[in-house]
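> here's my sequence, what's the structure:
(one chain, ligands or ions: 1)
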Amino acid sequence: MLNYVKPVTFMKEDAYWIRDQVKQHTKWFEESLPMIASENIMSPLAKEMMISDFHDRYAEGLPGKRYYQGNIYVDKVELKCLELARKIFKAQFVDVRPISGTVANIAVLFALTQPGDKIATPELASGAHISTAPFGAVGLRGLKSVHYPWDYKNWNLDVDATIKFLQKEKPKVAQFGLSVFLFPTPIKELQDALQEAGCTVWYDAAHVLGLIAGGKFQDPLSEGVDIMSGSTHKTFPGPNHGILIGNGLKEGVEAKLQKAAFPGVTSSHHLHAMAALAVTLAEYEIYGKKYARQIIKNAKALGSALYDMGIDVVCPHLGFTESHTLAIDVVKYGGGAQVALDLERANIIVNKNMLPGDTSSIRPSGIRVGTQELTRLGMEKGEMEEVARLIYRVVVKKEDPEVVKKDVWELKREYTKVRYCINDGEEAYKYHELV
Ligand code: DSN
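Here you go, the predicted structure:
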């Protein structure tokens, strides 16, 4: 006898319930200060692309060489996307098919390495991304990891020790780039050692892609990097998507990267996101420099205000940061996990983060804070000082987060519109008001 599973009878209610959760989330974020360093909000025009018919279609391969029909306009948009990215990043090679930063990283690993090869990466507690950790994509590819000697005081590589390290280890690939990315990587200083060791140089630019595109961080490709990977939704305020960007690649490497992108790690490449990326690139050509400059100014202003209140923002001797990110040691206030939770109760959204020397990612010493999204909403130095006071009240004064939450909304209600884009001034959180 057949075993029947009782049919689900509340389908319609479930669907509405799910939509309601998303609306509540959106309203919550409207009333919050989102400061996760890896997030951002898209422009209204880019968002429109995400719900277009492009979402419902497939494209495999490259423009003009597809496996499916129906791609006439998709091809035009992808060619424009590639052209804009090549121009903005001053690059010969771009592939916009990886559907996320980690997928882009996996494509790089497949193109550049074989199982058993040696790769040099920063360590997790020094701010590396999990995809480059031995238990992340690097491990999945079966690579042997070695980690750069670290200068904990300056939150960067120890250049002299790294030169010796490269001479000794001779990794096949030298990977740079971080998820707690405070200062430019000294690629130029390492260039001779990298060449002597015969490394391919890979830079994960996810966190700082918008700063690079705005010409305000470092220009990895001109400094000696072969291939950059990135996600496109952090300081670069585009869709959740990935990108590969390269210059002067050795013969055959472009083809390997393209093969890794498709059919290696994608089938179709989320055409709606690709179109949103194209729109964001077009907008970034106009607004990118100004936006990138303000992100960094705001991060420095926030770091300085917190530090003046006695909070241990790392690297005061270096101006705290040259990017969007601050790393803050909160051990004396209960540790990263507790502090991030307390701040969340006050609608200040940050994440707990390992600091150098930490061994637990569950109970780390620090929190990580990013200014790119509040900048996108129009905040400047004065508002950063107000944000610092709100953080101080929760973290140091241990005020009731419910009380602080009201003042968070008082500040935030003036900053709910998207800036640095074509439809400047359009509401960022419209969705929760829909019926
Ligand atoms: N998980 C992201 C971050 O927060 O840095 C990167 O993928």
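> longest helix of this structure, counting residues only.
helix 271-308 (DSSP state H).
> check which helices and strands that helix sits against.
helix 44-50, helix 72-88, helix 209-213, strand 312-313, strand 325-329, helix 372-376, helix 381-395 (3 or more Cβ pairs under 8 Å, 6 or more residues apart in numbering; DSSP states H and E). Backbone N, C-alpha and C define where each C-beta goes, glycine included.
> could you look up the SS state of I243?
Per DSSP: H, G, I helix; E, B strand; the rest coil, the local secondary structure of I243 is strand.
> is it correct that it is in contact with G230?
Yes - assessed by Cβ atoms under 8 Å, I243 is found in contact with G230 at 5.2 Å.
> who's more crowded, these two?
G230 (30 against 27; other Cβ atoms under 10 Å).
> secondary structure element for that one, which one?
G230 is part of strand 227-231 when elements are defined by DSSP states H and E.
> who's in contact with that strand?
38, 89, 91, 98, 100-102, 104-105, 107-108, 112, 200-206, 209, 212, 220-221, 236, 240-246, 249, 253, 257 (Cβ atoms under 8 Å, 6 or more residues apart in numbering).
> at 7 Å what do you get?
100-101, 104-105, 108, 202-206, 209, 220-221, 241-246, 249 (Cβ atoms under 7 Å, 6 or more residues apart in numbering).
> residues contacting the residue nearest to Y284 when sequence neighbours are not counted?
Sequence neighbours aside, A213 is the residue nearest to Y284 in space, at 5.7 Å (criterion: Cβ to Cβ, 6 or more residues apart in numbering). Neighbouring residues of A213 by Cβ under 7 Å, 6+ apart: I88, F89, F236, Y284, G288.
> look up how far the ligand lies from the fourth one.
Read it as Y284. Using Cβ to the nearest ligand atom, to the nearest Å, we find Y284 at a distance of 20 Å from the ligand.
> begin at 51 from here
Right, with 51 as the first residue, what we last looked at is Y334.
> burial of that residue, as a residue count?
Y334: 25 neighbours (other Cβ under 10 Å).
> which neighbours do I293 and G280 have in common?
Residues touching both I293 and G280 by Cβ under 7 Å, 6+ apart: A154.
> spell out which parts of this structure neighbour the ligand.
S88, G151, H179, S229 (Cβ under 6 Å from any ligand atom).
> which of those residues sits closest to K130?
Ranked by distance to K130 (Cβ to Cβ), the residues of the chain next to the ligand are led by G151 at 22.0 Å.
> what strand or helix carries whichever residue of the stretch 201-350 of the chain sits closest to the ligand?
Going by Cβ to the nearest ligand atom, the ligand is nearest to S229 of the stretch 201-350 of the chain, at 3.6 Å. Using DSSP H and E, S229 is not contained in any helix or strand.
> residues in contact with it?
Per Cβ under 7 Å, 6+ apart, neighbours of S229: S88, G177, A178, H179, H257.
> of all pairs in those residues, which one is the farthest apart?
S88 and A178 (13.5 Å).
> neighbour count: those two, which is higher?
Remark: of S88 and A178, A178 carries more neighbours, 26 against 19, as counted by other Cβ under 10 Å.
> list the contacts of that one.
T171, P172, L228, S229.
> residue contacts, the first one?
With contacts defined as Cβ under 7 Å, 6+ apart, the neighbours of T171 are A178, T182, V188, S195, H197, Q225.
> the last one: how many residues sit nearby?
Here the number of neighbours of Q225 (other Cβ under 10 Å) works out to 28.
> if we can go back for a sec, now, the contacts of S229 that are in strands?
Among those, no member falls in strands (criterion: DSSP state E).
> tell me the one of these nearest L391?
Distance to L391, by Cβ to Cβ, is smallest for S88 among those, at 18.7 Å.
> just give the nearest non-adjacent residue to that closest one, would you?
Nearest non-adjacent residue to S88 (Cβ to Cβ, 6+ apart): K284, at 5.0 Å.
> before we move on, the earlier item: got the contacts of A263 as JSON lines, with pLDDT columns?
Below are those laid out as JSON lines (pLDDT from 0 to 100):
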{"residue": "I138", "pLDDT": "98"}
{"residue": "F139", "pLDDT": "98"}
{"residue": "F286", "pLDDT": "98"}
{"residue": "Y334", "pLDDT": "98"}
{"residue": "G338", "pLDDT": "98"}
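> neighbour-wise, which of those leads?
F286 (31 neighbours).
> wait, doesn't W200 sit right on G407?
No - between W200 and G407 no contact is recorded; they are 10.0 Å apart, counting by Cβ atoms under 7 Å.
> looking at these two, which is more packed in?
Between W200 and G407, counted using other Cβ under 10 Å, the more crowded position is W200 (20 against 10).
> give me the pLDDT for the closest residue to that one other than its chain neighbours.
Nearest in space to W200, with sequence neighbours left out and distances taken as Cβ to Cβ, 6+ apart, is S176 at 4.8 Å. In this model, S176 is scored at 88, pLDDT.
> now the contacts of A263 in CSV, with distance to W205?
Output for the contacts of A263, formatted as CSV (distance: Cβ to Cβ, whole Å):
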residue, distance to W205
I138, 27
F139, 25
F286, 22
Y334, 27
G338, 25
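> ranking helices and strands of the protein by mean pLDDT, which lands last?
When the helices and strands of the chain are scored by mean pLDDT, DSSP states H and E, helix 61-80 comes last with a mean of 92.
> quick one: pLDDT of whatever residue of the stretch 351-485 of the chain ends up closest to the ligand?
Residue of the stretch 351-485 of the chain nearest the ligand, by Cβ to the nearest ligand atom: N401 (6.7 Å). Reported pLDDT at N401 in the predicted model: 98.
> for it, give me phi and psi.
Phi and psi for N401, reported as degrees, to the nearest 10, are phi -120, psi 150.
> I figured it hits A390, correct?
Yes - N401 lies in contact with A390 (Cβ under 7 Å); the separation is 5.9 Å.
> got any residues that touch both of the two?
Shared contacts of N401 and A390, counting by Cβ under 7 Å, 6+ apart, come down to I417.
> which residues does K218 contact?
Counting by Cβ under 7 Å, 6+ apart, there are no residues that K218 touches.
> host element of it?
K218 belongs to helix 209-219, assigned by DSSP H and E.
> mean confidence for the next helix-or-strand element following that helix?
Toward the C-terminus, helix 209-219 is succeeded by strand 223-226 as the next helix or strand (DSSP H and E). Strand 223-226 carries an average pLDDT of 98.
> strand 223-226 pairs with which strands?
As defined by DSSP bridges, the strand partners of strand 223-226 come to strand 168-171 (parallel), strand 250-254 (parallel).
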